[in-house]
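Peer 1: Quick one: sequence and predicted model below, then my questions.
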Amino acid sequence: MNDRYKIWYIPQIPMPAFEREYTDFETAKTVLNALIDLSLFEFDNMVKPDYADMAGIDRWTGSEWETLDEDHWA
């Protein structure tokens with residue numbers, strides 16, 4: 001099976017999402033969690049004045065992208 005996963009991260013809403021595709025769920029999960037950790041680091045160290053970010057992992061179903069519940073990857 002050709003699994004496809006796409007991470008998406010919006011560092012400041014409403015800007016466009018940063019997206020990358022992966023063929024392995026664990027890799028996608030690791031990369032997205034690293035982006036989230038970076039965002040938390042920046043927040044803790046007051047790098048940005050405010051935060052309104054979003055993130056997720058989508059799975060290709062063969063015809064469309066389906067967003068996975070955060071419970072599956074967080």
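Peer 2: Cool, got the structure. Quick caveat: nothing in here was measured; it's all calculated off a predicted structure.

Peer 1: So residue 29 is in contact with residue 56, correct?
Peer 2: No: with contact defined as Cβ atoms under 8 Å, residue 29 and residue 56 do not form a contacting pair (11.0 Å). Backbone N, C-alpha and C define where each C-beta goes, glycine included.

Peer 1: hey, what's in contact with both of the two?
Peer 2: residue 73 (Cβ atoms under 8 Å, 6 or more residues apart in numbering).

Peer 1: So what's the gap between stretch 9-18 and the chain middle?
Peer 2: Chain-centre distance of stretch 9-18: 10 Å, with Cα atoms, centre = their mean, to the nearest Å.

Peer 1: who's in contact with the lowest-mean-pLDDT helix or strand in the chain?
Peer 2: Within the chain, confidence by mean pLDDT, DSSP states H and E is lowest for helix 25-44 among all helices and strands, at a mean of 94. Applying Cβ under 8 Å, 6+ apart, the external contacts of helix 25-44 come out as 3, 5-7, 9, 11, 18, 20, 22, 47-48, 51, 53, 55-57, 59, 73-74.
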